[in-house]
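Trainee: kindly generate the corresponding structure for this input.
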Amino acid sequence: MSKRDYYEVLGVGRDATEAELKKAYRRVAMKHHPDRNPDNKESEEKFKEANEAFEVLSDADKKARYDQYGHAGVNPQGGGAGDFGDIFSDIFGDIFGGSGGRGGRGGVRKGADLRYNLELDLENAVKGTTVKIRIPTAVNCSSCDGTGAKKGSSPVDCTTCNGIGQVRMQQGFFSVQQTCPRCQGSGKQIKDPCNTCHGRGQVEEQKTLSVKVPAGVDDGDRIRLTGEGQAGVNGGPSGDLYVQVHMRPHKLFARDGRDLHCEIPISFVDAALGGELEVPTLDGRVKLKIPAETQTGKLFRLRGKGVTSVRGGPPGDLLCRVMVETPVKLTRRQKDILQEFQSIGESEGQQSPKKTSWFDGVKKFVDDLRA
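Mentor: Numbering: from 1, shown residues only. Next up is the predicted model:
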């Protein structure tokens, strides 16, 4: 069974604070505590799951490794680097095809699939780029060629299953065949273990990979690198590496699929009289005409100035929302001019329709209350 994301287990976002993590953990733990749910296997598992998730996410170092590498970076089940293969198989086997699980006659297993979280700037995600990443992975031990046995020796047949890899268990009237608990289905035992890998057949390494990021990827997209996952066991094929894209916040734009959004501050003079502004796009600056009497919050659409998705199709749009900015640090002359402007406006007619209608509504509301 594959493991759930630790943030999903606790029901929090990736940016959750320490206090939010504790609060979420208490809520889940109280709900599924064994004392409150006697003989309930599902609640018992969820209680254990919450404990494991909180143990990792409440530790700054473990949380950083988990955010970068997923379950591969924390290995909460213990046992050291040599146990990575078994742990990754348990985590990812069901998600990515089920071929990474334990067992099987002869112990031949596909290597586990791995995940790497890649943070990208908006510009690189839109235009595409190539990045180099370093990942922890288990590879076949070069000292023993992956056998786990010291050089000059060989694994011997398992004394429990006699080299078959399976044992037969009697349960009442039924006879059940299952994976041998001693050799984990390989049919072999190592009497003289390799000094380098201590009989595991694999060692942990850091490897550098070049990842080609296609233009138009978005937050949550995955890039698959075939065969770059965990090494297989007993001649099995290597797993795959899934590079998951996470977008860094941009100082100007917010992305929504193919569209980009940005806020543009304008002076109240430009809003009242109209004008022409230069606004930024990912391809450079363009002109945007502001009509007279533009109100704050007005949305302007620049067609084709958004993003072309990695899945194809036409580019999206750039949506510019203008925000009328109130002037600050006015001089005495500027204040006098504004006061004169206000008095002229009040004497010559309605120039603030929303303000007038709002106050008319307030007056009617008060009058109705008094009636």
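Trainee: Three-state assignment for Glu55, please.
Mentor: Put simply, Glu55 is helix when judged by DSSP: H, G, I helix; E, B strand; the rest coil.
Trainee: burial measure for it, as a count.
Mentor: Glu55 has 14 neighbouring residues, counting by other Cβ atoms under 10 Å. For every residue, glycine as well, the C-beta is placed using N, CA and C.
Trainee: look at it and report its pLDDT.
Mentor: Glu55 carries a pLDDT value of 87.
Trainee: same check, this time on Tyr242
Mentor: At Tyr242, the model reports a pLDDT of 91.
Trainee: so what does it have for phi and psi?
Mentor: With angles defined as degrees, to the nearest 10, Tyr242 sits at phi -110, psi 110.
Trainee: where does this protein have low pLDDT?
Mentor: Across the chain, the ranges flagged by pLDDT under 70 are 1-2, 75-108, 170-176, 234-235, 345-356, 358-359, 371.
Trainee: so where do the helices sit in it?
Mentor: Using DSSP state H, the helices of the chain run over residues 6-10, 18-32, 41-57, 60-69, 84-92, 122-127, 268-273, 332-348, 353-370.
Trainee: any idea which of those is most buried?
Mentor: Comparing the helices of the chain by mean neighbour count (mean count of other Cβ atoms under 10 Å), helix 84-92 comes out on top with a mean of 23.
Trainee: what's the neighbour count on the closest residue in space to Ile164 that isn't next to it in sequence?
Mentor: Once flanking residues are discounted, Ile164 sits nearest to Gly187: 5.9 Å by Cβ to Cβ, 6 or more residues apart in numbering. If you count neighbours by other Cβ under 10 Å, Gly187 ends up with 22.
Trainee: contacting residues around the closest residue to Glu20 other than its chain neighbours?
Mentor: Spatial nearest neighbour of Glu20, chain neighbours left out: Val12 (5.7 Å); criterion: Cβ to Cβ, 6+ apart. By Cβ atoms under 8 Å, 6 or more residues apart in numbering, the residues touching Val12 are 20-21, 24.
Trainee: would JSON lines of these with distance to Glu45 be doable?
Mentor: Listed next are the contacts of Val12 as JSON lines, based on distance: Cβ to Cβ, whole Å:
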{"residue": "Glu20", "distance to Glu45": "24"}
{"residue": "Leu21", "distance to Glu45": "20"}
{"residue": "Ala24", "distance to Glu45": "18"}
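Trainee: so which of these comes closest to Glu55?
Mentor: Nearest to Glu55, judged by Cβ to Cβ, of those is Leu21 at 10.9 Å.
Trainee: the closest one: what's it in contact with?
Mentor: Contacts of Leu21 (Cβ under 8 Å, 6+ apart): 10, 12, 54, 57-58.
Trainee: Leu241 too?
Mentor: By Cβ under 8 Å, 6+ apart, the contact list for Leu241 reads 113-116, 135, 209, 224-225, 228-229.
Trainee: beta partners of it?
Mentor: Judged by DSSP bridges, the bridge partners of Leu241 are Leu114, Leu225.
Trainee: any idea how far Ala271 is from it?
Mentor: Using Cβ to Cβ, to the nearest Å, Leu241 is found at 52 Å from Ala271.
Trainee: kindly report the same for Val324.
Mentor: Where Ala271 is concerned, Val324 sits at a distance of 5 Å (Cβ to Cβ).
Trainee: between those two, which contacts overlap?
Mentor: Joint contacts of Val324 and Ala271 (Cβ under 8 Å, 6+ apart) are 294-296.
Trainee: can you tell me which two in the contacts of Leu21 are farthest apart?
Mentor: Of all pairs drawn from these, the greatest distance, 11.5 Å, lies between Val12 and Ser58 (Cβ to Cβ).
Trainee: ok, the nearest residue to Leu282 once chain neighbours are set aside - contacts?
Mentor: Nearest residue to Leu282, sequence neighbours excluded (Cβ to Cβ, 6+ apart): Val126, at 5.8 Å. Applying Cβ under 8 Å, 6+ apart to Val126 gives the contacts 215-216, 282, 307-308.
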